[in-house]
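Colleague: Got a predicted model here, sequence first, then my questions.
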Amino acid sequence: MYEIKRDDLSGSEIAALIGEHLHSMYLHSPPESVHALDLDKLKGPGITFWSAWNGEELAGCGALKELDALHAEIKSMKTSSAYLRKGVARSLLQYLIDEARKRGYHKLSLETGSMAAFNPARRLYEAFGFQYCEPFSDYSEDPNSVFMTLDL
């Protein structure tokens, strides 16, 4: 239903969606607990970014960050407000999982918020088999964060 394509983060639509994502993270989390990446950091080494489109309309986005040869992290999963509850996040998450498997990763992890505003995201990840885990990579314990992982 949605066309998911690799994105170079140069378009105004994606810049606006990432801005909305960052605003939302700071709205619901204290600054020290916000781990979302801005446009410049999303262009960094080891990160591949995709956007989901419905025709000419941006529906959502997501990224994979390689942590090592066998482990990747999901970053910047965001659905455009006009497409909430229309299967965008589910489509993107399945795409990212499939891509992680193609790349040979054995594990896919993520960090998300612990507050009620993040309940829909946690339910989605749980539905795909993600399990709660200890902090990974450079993360540390944080009451405002939860960590999840999926063995591929």
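Modeller: All right, it came through fine.

Colleague: C-alpha only now, for contacts and for neighbours.
Modeller: Noted.

Colleague: What's the local residue count around His71?
Modeller: For His71, the neighbour count with other C-alpha atoms under 10 Å is 20.

Colleague: got the contact list for the closest residue to it other than its chain neighbours?
Modeller: What sits nearest to His71 in space, not counting adjacent residues and going by C-alpha to C-alpha, 6 or more residues apart in numbering, is Lys107, at 4.8 Å. Lys107 makes contact with Leu70, His71, Ala72, Thr149, Leu150, Asp151, Leu152, according to C-alpha atoms under 8 Å, 6 or more residues apart in numbering.

Colleague: So which of those residues is the closest to Ser12?
Modeller: Using C-alpha to C-alpha, Ala72 is the member of these that lies nearest Ser12, at 27.2 Å.

Colleague: Need the three-state assignment for the residue nearest to that closest one when sequence neighbours are not counted.
Modeller: What sits nearest to Ala72 in space, not counting adjacent residues and going by C-alpha to C-alpha, 6+ apart, is Glu66, at 4.4 Å. For Glu66, the secondary structure call by DSSP: H, G, I helix; E, B strand; the rest coil comes out as strand.

Colleague: Would you indicate which residues of the helix or strand of the chain with the lowest mean pLDDT are buried?
Modeller: Lowest on mean pLDDT, DSSP states H and E among the helices and strands of the chain sits helix 12-28, with a mean of 92. Across helix 12-28, burial judged by 16 or more other C-alpha atoms under 10 Å covers Ile14, Leu17, Ile18, His21, Leu22, Met25, His28.
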